[in-house]
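Visitor: Provided below are the primary sequence and the corresponding predicted coordinates.
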Amino acid sequence: YEALHVYIPIVYPLGAIMLLYAWSIVSHYRAERRERNRVTGIFGRFVPKAVVDRLLASGEEVKLGGERMDISLIFVDIRGFTTLSEKLEPEQVIQFLNEYLDVCTKAIFKFNGTLDKFIGDGVMAMFGAPVRSDNHAEMAVRSALEMRKMASVLEERLMEKLGFTVRFGIGINCGPAIVGNIGSEELRLDYTAIGDTVNLAARLESNAKP
């Protein structure tokens, strides 16, 4: 009986400690999985997988609001898209537009850029966010050159098939911008950049020759 009296007070506290420890591990794992799914949900479609992995490994919190970052931006659009849409059937317009957007997206991802958004027949991308990079300007220029190289093949195919073609206009600018998640935290967040640096990149693109 004496041994039993000693055994019970020792075993129950140890068991409770072990259960609490196991519960804390499970809770931490579930919280980590939720955060990984949240980050992947926000960035998975807009940045290369390698960038998402780096962001997860850094442990940086993804939250509403923004921060000032030094980045590079690319704006792209199709010159002559209105004429193209008037001469093609709607299904053909969508097919060409998807091919063109695919060219832009692959070039952006190849150099670790972030696809910000599609704006009709335009594309906005940034380099140096969400993961900071010292060579974001170089990566933006390399991406633009890649777009031009890949676009030439698309333009030639359009000329052979229809007898006319379209060209790309590209604008690049580097500098400080406010970068972060903007929108409704419960319904929809868009990871984007705002500021004069962004506006100038858009103006350069609108004034760029094809």
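Guide: Nice, I can see it.
Visitor: Residue 198 should be in a strand, yeah?
Guide: No. Using DSSP: H, G, I helix; E, B strand; the rest coil, the secondary structure at residue 198 is helix, not a strand.
Visitor: Relative to residue 183, how far out is it?
Guide: Distance, residue 198 to residue 183, using C-beta to C-beta, to the nearest Å: 16 Å. No exception for glycine: its C-beta is placed from N, CA and C like everyone else's.
Visitor: do residue 115 as well
Guide: To residue 183, residue 115 is 17 Å away according to C-beta to C-beta.
Visitor: So which of the two has more stuff around it?
Guide: residue 115 (21 against 12; other C-beta atoms under 10 Å).
Visitor: Pretty sure the more buried one sits against residue 143.
Guide: No. If you go by C-beta atoms under 8 Å, residue 115 and residue 143 don't touch, sitting 10.7 Å apart.
Visitor: What are the phi and psi values at residue 180?
Guide: Dihedral pair for residue 180: phi 170, psi -170, per degrees, to the nearest 10.
Visitor: Just the buried residues of whichever strand or helix holds residue 171, please?
Guide: Using DSSP states H and E, residue 171 falls within strand 167-184. Across strand 167-184, burial judged by 16 or more other C-beta atoms under 10 Å covers 168-174, 177-182.
Visitor: Does residue 132 lie in a helix or a strand, and which?
Guide: Judged by DSSP H and E, residue 132 forms part of no helix or strand.
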